[in-house]
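*Asks:* got a predicted structure plus its sequence, pasted below:
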Amino acid sequence: MNNQSKHLSQVLHEAEVNLNGTLIQLDYLQELMDRINLTQKQRDSIAGQIHRLKVNNSSVRDSLTIIPNVGHTD
């Protein structure tokens, strides 16, 4: 593995770690939201945003796992 590949691998790993951290924070935010007094409309709106963020972050994280395999013919 050359230096450029090592660097890319490190960057991808850091991105995956950050995305996982974001997903954990979103879970915590969901728990906090469940504890506060909101109207159902407010709750639904916030829950929808949290859900979209989780889906987007999960999709990006999943995409990152296949990037190191692109171009390799092992």
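*Replies:* That came through, no problem.
*Asks:* residue ranges with poor pLDDT in the chain?
*Replies:* The chain contains residues with pLDDT under 70 at 1, 67-74.
*Asks:* same for the longest helix along it, what does it pack against?
*Replies:* Among the elements of type helix in the chain, defined by DSSP state H, the one spanning the most residues is helix 3-35. On a contact count with 3 or more CB pairs under 8 Å, 6 or more residues apart in numbering; DSSP states H and E, helix 3-35 meets helix 40-66. Using the backbone N, CA and C atoms, a C-beta is placed for each residue, glycine as well.
*Asks:* can you give me the buried ones in the helix it packs on?
*Replies:* Using 16 or more other CB atoms under 10 Å as the test for burial, helix 40-66 gives 46, 57, 61.
*Asks:* is it possible to get JSON lines of those that adds distance to residue 24?
*Replies:* JSON lines is the format used below for these (distance: CB to CB, whole Å):
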{"residue": "46", "distance to residue 24": "17"}
{"residue": "57", "distance to residue 24": "10"}
{"residue": "61", "distance to residue 24": "12"}
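*Asks:* go through those and name the one nearest residue 2.
*Replies:* Nearest to residue 2 among those: residue 61, at 25.3 Å, using CB to CB.
*Asks:* what sits against the closest one?
*Replies:* 16, 19-20, 23 (CB atoms under 8 Å, 6 or more residues apart in numbering).
*Asks:* for the closest residue to residue 12 other than its chain neighbours, give me its contacts.
*Replies:* Excluding the flanking residues, the one nearest residue 12 by CB to CB, 6 or more residues apart in numbering is residue 64, at 5.3 Å. Residue 64 is in contact with 12, 15-16, 19, counting by CB under 8 Å, 6+ apart.
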